[in-house]
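Participant: got a predicted structure here, sequence first:
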Amino acid sequence: MADWVIIVDSLKDFDNAGTPHKVITANDYLARTNLFRGARPKIINLSRSFAYQSRGYYCSLLAEARGHRVIPSVETMIDLGARQLYAQAVPELDDTLAKAIAGSDDTVPKRVLVFFGAVEDHRFDRFGRLVFDWFRCPVLEVTVETGTRPQIKRLAAVPVTKLTLEERALFDAALHNHTRRQWRSKKDRVAPRYSFAALHDPKEAMPPSSLSSLKHWSRIAAKLGVEVEPITRRDLPRLAEFDALFIRETTSIDNHTYRFARRAAQEGMPVIDDPVSMIRCTNKIYLHELMTTNGLAVPPTVIIVDKQDLVRAADELGFPMVLKIPDSSFSRGVAKVGSPAELAALFKAWYEDTDLLLAQKFMPTDFDWRVGVLGGKPLFVSQYMMAKKHWQIVKHGPDGKALEGGFHTPSLGEAPPAVIDVGLRAAQLIGDGLYGVDLKETADGIFVVEVNDNPNIEHGVEDQGEKDQVWIDLTKWFIDKLEA
């Protein structure tokens, strides 16, 4: 398991008497290239300057080249170098700052120090976490321009050597919280080499993997020297504590799951799902174009840009047809329409939230195939039956409850080779991660319905055919990425 290493310009800059972490000088880190050969330390760079081509800059630059995870990264250093580079973060930070002081009679500070996401004034706890989310830097100074609506005037990294005694105490506490690890029982069969985070939402009704399934994975992974810890959206500041990230929430580009994926990628961590796969898979129009361009069969489709396209969709597809919002998931934002009037009404309702819709030929089947693909290889193959008296595998009721159909997961050796082949070809167009390719098998052939970037892996369902090998292969995928 990787250890934390603290880099300073001089050993006098950091009193390491109270920390278990290794403290070395920037000169030693730069010059002694073999110091951590074969290890994957996590670096906290406390150099006095992060200016371009300074020693602090080169420490982070070489850390990235050596495969070490480092705070701050060179990207963060560059972003903090000029307001025009960090300006994209300012509107969200300003809004969070305004909410923090709303209704407060206290004087608004002209300066807020953020230590690994922690702040002294608890009014700004959420603001501090957001600042650290955007810019992973040990100490950040936020200069506030007071007025009717306070706004951020400047963001800057602060050397530890410039902190007062009181500020230094806050820094030490934040450093301890940021680097602390969970103690494991001596009864663990294998001392963990790696620690994986599994992002989940305890309140999500239909998660890709339940907490019980994640616990099952944890037991399997432990035998391979890996500890698995479920985390939630509140744990973004802790993400660098882990070696890899497995997202087990329904993903979306406009919520925290994408931010977790992006942050993990910036940290150089293996992540499922990676940001690029999320962008590609969450949009059905992109998938339609990608599949057709590469010669894979998809249901006959009409992209609806404006009202005039409704007539063309009716002529080419007939009724009933299926209308989809491009970024829908779990059968939501997908509806079957049976007449021009229904089509026009649904178009009017949905067109308020999206500029494009997707209309597809209705292809009734008793079940859909899903091919789970990991690293370009088949992981599982499942049949999902249609929900009772419904045309989809999930029926969402007006009360918010969901009714699912049955399932059957044969072993890979029992699954139709043609189904596996199409699933692999579709997934390989997206990337090297984990995908669930939904297929319809008809008399006219096998059609790609969509490629999911965070397919379900539920213990007793998707692993019914291959058993624990599914979880073993998943664990080994992460390990292989870490050891490549």
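Facilitator: Nice, thanks for sending it over.
Participant: okay, CA-based contacts and neighbour counts for the rest of this
Facilitator: Fine.
Participant: got the domain ranges for the chain?
Facilitator: As assigned by automatic domain parsing, the chain contains the domains 4-79, 83-179, 194-277, 300-361, 364-483.
Participant: for these, which one sits closest to residue 294?
Facilitator: domain 364-483 (8.4 Å; Cα to Cα).
Participant: on the three-state scheme, the residue nearest to residue 134 when sequence neighbours are not counted is what?
Facilitator: With sequence-adjacent residues excluded and distances taken as Cα to Cα, 6 or more residues apart in numbering, residue 134 is closest to residue 89, at 7.1 Å. Judged by DSSP: H, G, I helix; E, B strand; the rest coil, the three-state class of residue 89 is helix.
Participant: give me the number of residues near residue 89?
Facilitator: By other Cα atoms under 10 Å, 14 other residues sit near residue 89.
Participant: minimum distance to residue 287: which of the domains of the chain has it?
Facilitator: Of all the domains of the chain, domain 364-483 comes closest under Cα to Cα, at 6.8 Å.
Participant: as a check, name the ranges of all helices in the stretch 351-484 of the chain.
Facilitator: For the stretch 351-484 of the chain, the helices defined by DSSP state H, counting those that start in this stretch occupy 417-428, 469-483.
Participant: what's the closest of these to residue 261?
Facilitator: helix 469-483 (14.6 Å).
Participant: so how far is that closest one off the chain centroid?
Facilitator: Relative to the chain's own centre, helix 469-483 is displaced by 18 Å; criterion: Cα atoms, centre = their mean, to the nearest Å.
Participant: need the pLDDT of residue 104.
Facilitator: We have a pLDDT of 61 for residue 104.
Participant: just the element for the residue nearest the centre of the chain, please.
Facilitator: For the chain, the residue nearest the mean C-alpha position is residue 261 (2.7 Å; Cα atoms, centre = their mean). Using DSSP states H and E, residue 261 sits within helix 256-266.
Participant: what's the average pLDDT for that helix?
Facilitator: 89.
Participant: buried residues in it, which are they?
Facilitator: By neighbour count with 16 or more other Cα atoms under 10 Å, helix 256-266 contains the buried residues 257, 258, 259, 260, 261, 262, 263, 264, 265.
Participant: now do the contacts for the closest residue to residue 149 other than its chain neighbours.
Facilitator: Spatial nearest neighbour of residue 149, chain neighbours left out: residue 98 (6.9 Å); criterion: Cα to Cα, 6+ apart. Shown in contact with residue 98 (Cα atoms under 8 Å, 6 or more residues apart in numbering): 149, 150, 151.
Participant: in helices, which of these fall?
Facilitator: Nothing among the contacts of residue 98 maps onto helices, per DSSP state H.
Participant: got these as TSV, with pLDDT and distance to residue 206 columns?
Facilitator: As requested, the contacts of residue 98 are exported to TSV (pLDDT from 0 to 100; distance: Cα to Cα, whole Å):
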residue	pLDDT	distance to residue 206
149	78	41
150	82	41
151	88	40
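Participant: where does the stretch 251-400 of the chain dip in pLDDT?
Facilitator: Judged by pLDDT under 70, the stretch 251-400 of the chain has its weakly predicted residues at 328-332, 389-400.
Participant: swap in the stretch 51-200 of the chain?
Facilitator: 103-106, 181-191.
Participant: change it to 80
Facilitator: Scanning the stretch 51-200 of the chain with the threshold set as pLDDT under 80 gives 65, 67, 88, 102-108, 146-149, 180-192.
Participant: tell me where it has strands.
Facilitator: 69-71, 111-115, 139-145, 151-157, 194-199 (DSSP state E, counting those that start in this stretch).
Participant: same for the third one, what does it pack against?
Facilitator: What that stands for is strand 139-145. strand 111-115, strand 151-157 (3 or more Cα pairs under 8 Å, 6 or more residues apart in numbering; DSSP states H and E).
Participant: look up how far residue 232 lies from residue 420.
Facilitator: Using Cα to Cα, to the nearest Å, we find residue 420 at a distance of 34 Å from residue 232.
Participant: more crowded one of those two?
Facilitator: Neighbour count, other Cα under 10 Å: between residue 420 and residue 232, residue 420 has more, with 24 against 15.
Participant: which strand residues bridge the residue nearest to the more buried one when sequence neighbours are not counted?
Facilitator: Once flanking residues are discounted, residue 420 sits nearest to residue 371: 6.3 Å by Cα to Cα, 6+ apart. Counting by DSSP bridges, residue 371 is bridged to residue 381, residue 437.
Participant: I figured residue 371 hits residue 381, correct?
Facilitator: Yes - with contacts counted by Cα atoms under 8 Å, residue 371 reaches residue 381, the gap being 4.5 Å.
Participant: so what sits against both of these two?
Facilitator: Each of residue 420 lies in contact with both residue 371 and residue 381 under the rule Cα under 8 Å, 6+ apart.
Participant: about what we covered before: correct me if wrong: the residue nearest to residue 134 contacts residue 133.
Facilitator: No - the pair residue 89 / residue 133 is not scored as a contact, 10.2 Å apart, by Cα under 8 Å.
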